[in-house]
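Peer 1: Got a predicted structure here, sequence first:
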Amino acid sequence: MKSLEDISLNDLKEFSKSFSNDLKRGVIPRKISKISLATELKYNLTPREADRILNQLDDELYNYVESYPLAESYKQIGKGQSYFQDNNLIKEINWISSFLIDYADEINSFLEFEKEYDNHLLLGNYEEALRSLNKIESKISVSSWSIQQKLVIAELDKGFSHNKDVLSSILSTENSNTINFLSNYTSIRIERNISPSQFDSIVKELHKISSEPKLSEYIQFKIDFFSNFKYNHFDIILALDGQLSIIDRYKTFISFLQIYYYQINRDKKVESLLKRTIIDLAKRIQDIDLHLLEVKIGSKVQLDINDRFFVEISDLYTLGEYSLLKEKCETFLLKDPKCFPVILTYCKTITYLNCTPKRFNLNHSLLDRIIKVVLEFLLKTETFTEESFLEAYKIVHFLGNHHLSIGLLHFLAQEVPYIISPIKDIKYYDFYLLSSRALSPSLHSLIEPKYLNNFLALFENESVKSSTTNLVNTLYKSSQFLISNLNKFNLTELKVIAITLTNKNEYNFALKVYDYVLFNNHLFSDLKVKHVYLDFVIGKYYCLIKNKSYGEALKLSCDILIKEPNTSHKFFSPPFLNVLKESEDYELQSNIYLSIYLKIYESHMDSYHVYVAYDNYLESVSCKTPSEYIKTLQGTLTIEDTAFLDLVCKHETLHSSPEFNDHEELDLERIEICNFLTNNSDRREKYDSEISDLLRKVLVRKGIKQIDYSKIYVDIKGLKSTLQKDLKESFYRNLEIASLPLDQLKKIVSSLGNILVYYYDKDSSDVEYDSEDIREKLRLTSYNRFLHFKEAFIKIRDKFILSSDHGLDTYLSMRIRHGTLLGQIRSVFENHNLITVWSDQDNEYLPNSYWISKLQFLLVSNQHKLNSAFNAFSKSIDRLGDNLKSQIIQIKTEVKQTSGLFDYSYDDIELLTLFQQRFGSIKDFDEFVEEVIQVLWDKTEDCLNNIKIYLNDEFINYLNQEFDALEKVINTIQNESQSNNELPELVQTVRNCKTAIAVEIGKISEWFNRSNKKLIEEFDFTILLDSSINTLQSVNPLFKDAKINYDIKCDLIFDGDLFPYFTDMLFYLLDNAIKHSRLESKSLYILISIKQDDNIVRIVIENNVFNEKSYLDYLDNHIHKTREKIYNAKFHEHINKEGGTGFIKIKKTLTQDLNRKDNDIQIHLLKNEDGSENIFKTEIKFNINDLYKNIA
Amino acid sequence: MKNILLIEDDPIKLSAIRDFIINTFNFNVDTKMSYQSGLKTILERKYELVLLDMQLPNYDIKSGEDGYKQRPLAGRDILREIKRKKIQSRVVIITQYDSFGEDGKFVSWQEWDTFFSEQFKSIYYSTIFYNPASSSWKEQLKLFFAS
């Protein structure tokens, strides 16, 4: 005997040949293996030869070869040997159909039970459904289908956890992989909270694992049926499901037949085999699906009682007898809720009768859900939203390959034709009809012309003549005949005629039908039903597009869309959109409807096209802006003008126009449009609300600007009032002394000596100093008088720059140095994730986890290198910022020697010059003070210029050096690294940041302008909070994600002059909240309450804080110390210092700037022992006497 | 003397390019710093050449304003308008970035170059890659003006 190694390929072929010969003769070779036997039976023998062999097999071998068609347990399903030969669809069809014929009795029983099961399931009787299912399993066979249905019942009845309980009771290592796989994924698909897209992504992952396209098709067919309708490998689907139970085999085979007939290109050989098979099966199996397939192939069928009932329903619908139709549909659905055409007819009837649908189950059955969603689509009331579509699609997805889901998807495809895209390339309508469970004349389109008469005769033999059959017969008459007899048809018939003409590409004829209906008075009442009217309008719309009457199509659609925005999905046509976007036709471009239409579908394209349409239209009417256009409008405003102004002329379109120079102009333009619409439309409230919202935004933005413009500030009013006390008296006394004769002076002022100084008399400023005239103005005075001037000047200067109540340094500290400056600079780097914060705990900068996690592919050494570079970068940026704050933006005088650029130093020569040229002749104190302040402002201007130059030049250079250093490290790593996917992103980010910081520094340098602009005339607390919080969130990233809520119960309106003071207070209050919370931005909650109680305003800020005992103790202690500082009111000592508590500065603002002497500030830490949040609370109270302007 | 419009929001890059063109070629260079101000100027005045940054704020950024929004493809948007309004100017894109795009979809500047060459045949000249640390952008500008 030959060993296995000795057997050659030729030997094997010989063996096989001899086996085949034996088997063909009806003899089972003794040495044949099980797998060879199975393969021979399926692929090499004829069905008859195979039958002869199968009859000889014992039970074990039979079940092995046939794979347990009547499985008793889940582990038996799919447990036969798997054998599959490529590209042998005909063999697979023969193999599977021979079993179906053999097990016809079992299949018939199954179909009876299945009907019972489906009725219970769809009507929401889950216990009965489960009983029916158990009956199927015990009396016929368990199956992959029954497993899936058990999961469906569990999910529908008791939800997710029950679904998973049932799943775990099914899954077993003894089951075939196919059963476990199908059970698992069905269980996921039917979860009520999983969206179709989420499930799709899970399946996509599966497809990635299975690189074999045939297996991918099987997965698609079994668990994600509606993801794709193209099948190239049905042989493997039949082979794999051919190993499951007879129920699975039957269901798959019927699906295969239905799918086969929706394909446009069909194999003739296969089709001929299928015809025979359908006839054979239909002889033995009583199933409506098979009967419909018989209709499709032109075979003669008989109507049963159910079919007659359906024909009756069709006829009632054709005749428009809705009351009776409603009853019939309800009766029918109780018997067969799987019939989608009846559900659709029922829903349409409900809309005609304007009544509520029957509730088939109090617990909202699947049937009720489907009716509800179909009605939402038909009625398109306010309840119709994106959710309706999602709900419908979810049901489709939940049911999977099921009669109702196929029907519902067809309905969705009619309603939202371009969203349901996969069915474009197949004859989905044929698929729908074949799965419709309804045999009626409406199937005429399925049938080849040669079989049509026989088919229609089936209905004509009935005692009552079918009106639907009459209609179908009419459709085959000439188009001219139809058009000439329109008055003989009712609305339903006219609709079918119009659709038929459209399908025959006879658009002009179809348009005649549509116009006949839409402009015919006697049909007017029928057209009141929204979906009926829409069906005609939509039909006309698509005919107009096909006829290239684009302008008319635009007008027709927009007139409806403007009134009924919920209809937008019905008019959505990507090919039409493409035509409109690309068209250079002037007539179309100057059509006002074009921009409206494009605006409605803006989300499906580049919004630039909307702008182009807007601009072209305005140009066609010789206008540049909507406000110009408004001026051209006369008389009653048309619907299209209103829509153009309302929908199109909005910020998102206007911002592309070069006509508006900034955000404010954009807002003002829109306000003008809304004002116009308020006076010319019936939606006054809508536009009023938009106007007030825009006005508030304008004000908030002004507030934000005001905050920026108020940074360089000296309280001149306060300053002058203190000077009155300190200087006025001595000024006049010195003046009187100086006017004494010299000899008298000598006696009074011993220090005088013999020195005299000269000065120029008044009005000398406009005289050239070397001219002749100047000599006439020259005066002599004592040196002592110059010394008095010097003393007074320096005193005023010191108050101007250093007074803690009124001086520049106080405001520099409060409005620039205290957090704002560093925050503004840091925020740019933080937004680009290039710097991290310093950790006191670790005594170093935190690692840059953002980039390091993105760059995991780098060598660990390179990750370290990069992190060190980030640390160094963070350190340098903070150092530069700190230097700017503590060294550069500082006051310098001849006494206070710093490197600050606010240099107010004066030497004697400068002062003498000032005295000679500007002060010597001044005899009035107020004039003197004014002049000193003017000189100091001039000096301030020089300082501000120097700061701006420093910022934009030197400071940027320093920053760029740091950028270069960082980029150098990145480049080194990039050069070393093999795979550098993310490094270009980092390089790009560094460059982005470089631009952003340059722009930001430019903005910061704008702070250093002395501005007297009062941008905001008046404000209330809402505007104050909006602008302050907006500014703070842009300056301080720690606030970015904080949840800040307000509760304002105060309608006071304040003068714009007070705006900066209130923002100062709010900044400090919020800054304290952040500081004391020690929480990350996203965990921080801040509540701001503002209440007015008689003449007292109470501002309370509460925020949660880090919940850790030692920290809470520290905070308690800190609050105690702060309270002491506040009560002692020693703010003069602290006011110009950065860091520390902001409460002193709040106190100063209240007391000095707002002149609220009787203010009160309370700070508390509210500790909650019960584990809830601990709250840091600040409360400030002040009276409002003489503070507010009026009440809103 | 040629009239050139430079639209660039980075003040440092703007100065570097403007100074280079003025000092080297003695051309007249107007500058704008946003999509809107740039486009408005193009529509109002005739320029032989427009040097365009790709990313720009919608409006000029001023103190207390953020420019309304950042337009990631402002350069393309301006090119489209030049074509639509039939403006007789040539355009050179001058960028620091390897790729640009919007809504998270980035395309390399070489691909944009191909796209622009096809879409804006008689307008678009080329894209110059700007790197402050290198003089190659200057060389490319010189080549452009020489041609």
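Peer 2: Great, that's in hand. Residues are numbered from 1 along each chain as shown, chains lettered A, B, ... in the order given.
Peer 1: got the phi/psi numbers for the residue most central in space within chain B?
Peer 2: The C-alpha lying nearest the average C-alpha coordinate of chain B belongs to residue B:52 (CA atoms, centre = their mean; 0.4 Å). Geometry field for residue B:52 lists phi and psi as phi -120, psi 130, criterion degrees, to the nearest 10.
Peer 1: what does residue A:1179 give?
Peer 2: According to degrees, to the nearest 10, the main-chain angles of residue A:1179 amount to phi -130, psi 130.
Peer 1: pretty sure it contacts residue A:1100?
Peer 2: Yes - the pair residue A:1179 and residue A:1100 qualifies as a contact (CB atoms under 8 Å) at a distance of 4.8 Å. Bear in mind the C-beta positions are built from the backbone N, C-alpha and C, glycine included.
Peer 1: secondary structure element for residue 62?
Peer 2: You didn't say which chain, so I picked chain A. helix A:59-66 (DSSP states H and E).
Peer 1: rewinding a little: look up how far chain A lies from the residue nearest to the centre of chain B.
Peer 2: In this structure, residue B:52 and chain A are 15 Å apart, going by CB to the nearest CB, to the nearest Å.
Peer 1: again, but for residue B:125
Peer 2: Noted for residue B:125: a distance of 22 Å to chain A, by CB to the nearest CB.
Peer 1: Which pLDDT value belongs to that residue?
Peer 2: Residue-level confidence at residue B:125 comes out at 92, pLDDT.
Peer 1: Pretty sure it sits in a strand.
Peer 2: Yes - assessed with DSSP: H, G, I helix; E, B strand; the rest coil, residue B:125 lies in a strand.
Peer 1: who's in contact with it?
Peer 2: B:90, B:91, B:92, B:144 (CB atoms under 8 Å, 6 or more residues apart in numbering or on different chains).
Peer 1: where does chain B dip in pLDDT?
Peer 2: Within chain B, the stretches with pLDDT under 70 are B:1, B:63-64, B:104.
Peer 1: mind redoing it with 90?
Peer 2: Across chain B, residues meeting the criterion (pLDDT under 90) sit at B:1-2, B:10-13, B:26, B:61-70, B:72, B:95-111, B:129-136, B:143-147.
Peer 1: What parts of it come near chain A?
Peer 2: Contact residues, chain B versus chain A (CB under 8 Å from any CB of the partner chain): B:9-13, B:36-37, B:39-40, B:43, B:58-66, B:68-69, B:77, B:80, B:84, B:96-99, B:133.
Peer 1: Got a PyMOL select line for the buried ones in the residues you listed?
Peer 2: To isolate the buried ones among these in PyMOL, judged by 16 or more other CB atoms under 10 Å in any protein chain shown, type:
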select buried, chain B and resi 9+10+11+12+13+36+37+39+40+58+59+60+61+62+63+64+65+66+68+77+80+96+97+99
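Peer 1: In helices only, show me the residues of chain B next to chain A.
Peer 2: Per DSSP state H, helices hold the following members of the residues of chain B next to chain A: B:11, B:12, B:13, B:36, B:37, B:39, B:40, B:43, B:77, B:80, B:84.
Peer 1: residues in contact with the first one?
Peer 2: Residue B:11 makes contact with A:952, A:998, A:999, A:1002, B:33 under the criterion CB under 8 Å, 6+ apart.
Peer 1: Quick check: it vs residue B:134, distance?
Peer 2: In this structure, residue B:11 and residue B:134 are separated by 20 Å, where distance is defined by CB to CB, to the nearest Å.
Peer 1: sorry, back to before: who are the neighbours in contact with the residue nearest to the centre of chain B?
Peer 2: The contact partners of residue B:52, by CB under 8 Å, 6+ apart, come to B:7, B:38, B:74, B:75, B:78, B:79, B:91, B:92, B:93, B:94.
Peer 1: Return the per-residue confidence for the residue of the stretch 1001-1150 of chain A found nearest chain B.
Peer 2: Using CB to the nearest CB, residue A:1006 is the residue of the stretch 1001-1150 of chain A that sits closest to chain B, at 3.3 Å. Per-residue confidence (pLDDT) for residue A:1006: 81.
Peer 1: Unless I'm misreading it, it sits right up against residue A:705, doesn't it?
Peer 2: No - with contact defined as CB under 8 Å, residue A:1006 and residue A:705 do not form a contacting pair (9.9 Å).
Peer 1: burial count for residue A:300?
Peer 2: 12 (other CB atoms under 10 Å in any protein chain shown).
Peer 1: so what's it closest to, chain neighbours aside?
Peer 2: Using CB to CB, 6 or more residues apart in numbering or on different chains and skipping residues adjacent in sequence, the residue nearest residue A:300 is residue A:454, 6.7 Å away.
Peer 1: For chain A, just list every one of the strands.
Peer 2: With DSSP state E as the definition, chain A shows strands at residue ranges A:756-760, A:778-782, A:838-839, A:844-845, A:891-892, A:902-903, A:1018-1019, A:1043-1049, A:1052-1055, A:1085-1093, A:1096-1104, A:1160-1166, A:1175-1183, A:1188-1191.
Peer 1: swap that for chain B, sorry
Peer 2: Assigned by DSSP E, chain B shows strands spanning B:3-7, B:28-32, B:49-52, B:56-57, B:70-71, B:90-95, B:99-102, B:105-108, B:124-129.
Peer 1: Just give me the neighbour total for residue A:1125.
Peer 2: Neighbour tally, residue A:1125, other CB under 10 Å: 17.
Peer 1: hang on, isn't it packed against residue A:1145?
Peer 2: No - with the criterion set as CB under 8 Å, residue A:1125 and residue A:1145 do not qualify as a contacting pair; they are 11.2 Å apart.
Peer 1: Which pLDDT value does the model give residue A:852?
Peer 2: The predicted local confidence for residue A:852 comes out at a pLDDT of 88.
Peer 1: correction: residue A:848
Peer 2: 92.
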